[in-house]
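Visitor: One predicted model, sequence on top.
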Amino acid sequence: MEKLITVDGLTVTYNEKPVLWNVSTSIVENSITAIVGPNGAGKSTLIKSIMGMVEPLAGDIKINGQSPKKMFDQVAYVPQKSDVDWDFPTTVLDVVLMGRYVHKGWIKRYTKADVKRAEEALETMRMSDFKHRQISELSGGQRQRVFLSRAIAQDADIYIMDEPLQGIDVVTERLIMQTIHDLQQRGKTFVVVHHNLATVEKYFDHVIILNKEVVAQGTIEEAWTKENVATAYDESSVTL
């Protein structure tokens, strides 16, 4: 498979403290790639760097051969729930319509086609009955469904997701992963920060194991070993 995203020699510091150090990795087209590692490993920083949201100290990132800023309309982002202001007064449908914004050009008004696409995305995530609700009224699982709906409405080629399965119910987890696999069948590519080591092998076909540096990367068969995970987590052994 072709390399869709390439990261070369990425170094990121916060207050002169290294968060990522000389990271070189790649995401292959039409894959579902997990990024795993201990707290403070730089997982969120890596995906935010790919999104162009973080300015690196050194290194280069390309998405389909272009800079991240030139590919913003083809990359959909699902943030951590903690990064969202859930008290902001807006409805579910308004949030999902934001996924259409990148396609509007100089004319920023949403069309009937935009609304239809947003409603289709909500239907995919079984949230149609909630489209007029305020987002503050939703449960954790429902909120995550809304943000995946927004990403689906964008009609992007690449989906970058930060801990989408954290703190949600089992039904929503299954729905999210089924939707991801359905979209993969349509040629989409996923990069997912993931915390549950027990489900990596079940849900993903590629993995990047990270602890400020890349410990291992590749297909699940190649890279997902107890030894590699133990190295990343600074433990003598782990249970997968």
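Guide: Yes, it's here. Residues are numbered from 1 along each chain as shown.
Visitor: Every contact and neighbour count from this point should use C-alpha atoms.
Guide: Fine.
Visitor: which SS class is the nearest residue to D8 once chain neighbours are set aside?
Guide: Sequence neighbours aside, S24 is the residue nearest to D8 in space, at 4.4 Å (criterion: C-alpha to C-alpha, 6 or more residues apart in numbering). Secondary structure assignment for S24 (DSSP: H, G, I helix; E, B strand; the rest coil): strand.
Visitor: Assess the claim that S24 and V214 are in contact.
Guide: Yes. Using C-alpha atoms under 8 Å, S24 is in contact with V214, at 7.3 Å.
Visitor: Okay, strands next: where are they in this protein?
Guide: 3-14, 17-28, 32-36, 58-63, 75-78, 158-162, 189-193, 206-211, 213-219 (DSSP state E).
Visitor: Would you reformat these as TSV and include distance to T90?
Guide: Output for these, formatted as TSV (distance: least, C-alpha to C-alpha, whole Å):
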stretch	distance to T90
strand 3-14	33
strand 17-28	34
strand 32-36	31
strand 58-63	32
strand 75-78	17
strand 158-162	22
strand 189-193	26
strand 206-211	36
strand 213-219	39
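Visitor: among those strands, which is nearest V84?
Guide: Among the strands of the chain, the nearest to V84 by C-alpha to C-alpha is strand 75-78 (10.1 Å).
Visitor: Across the sheet, point out what pairs with H206.
Guide: Counting by DSSP bridges, H206 forms beta bridges with T33, T219.
Visitor: and it, how many neighbours?
Guide: The number of residues packed near H206 is 24, by other C-alpha atoms under 10 Å.
Visitor: ok, back up a step: residues contacting the residue nearest to D8?
Guide: Counting by C-alpha atoms under 8 Å, 6 or more residues apart in numbering, S24 touches 6-10, 214.
Visitor: and these, which are buried?
Guide: For those, a neighbour count by 16 or more other C-alpha atoms under 10 Å gives the buried set as 6-7, 9-10, 214.
Visitor: Using TSV, please lay out those residues together with distance to I32.
Guide: Output for the buried ones among the contacts of S24, formatted as TSV (distance: C-alpha to C-alpha, whole Å):
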residue	distance to I32
T6	15
V7	17
G9	23
L10	22
V214	18
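Visitor: Verify the contact between M51 and P68 for me.
Guide: Yes. Applying C-alpha under 8 Å, one finds M51 in contact with P68, separated by 6.0 Å.
Visitor: Against K131, how distant is the most centrally placed residue in the chain?
Guide: For the chain, the residue sitting closest to the mean C-alpha position, by C-alpha atoms, centre = their mean, is M161 at 1.4 Å. Computed as C-alpha to C-alpha, to the nearest Å, the M161 to K131 distance reads 22 Å.
Visitor: Now do the helices in this structure.
Guide: Shown for the chain, the helices assigned by DSSP state H span residues 43-50, 92-97, 112-124, 140-154, 170-185, 200-203, 220-223, 226-232.
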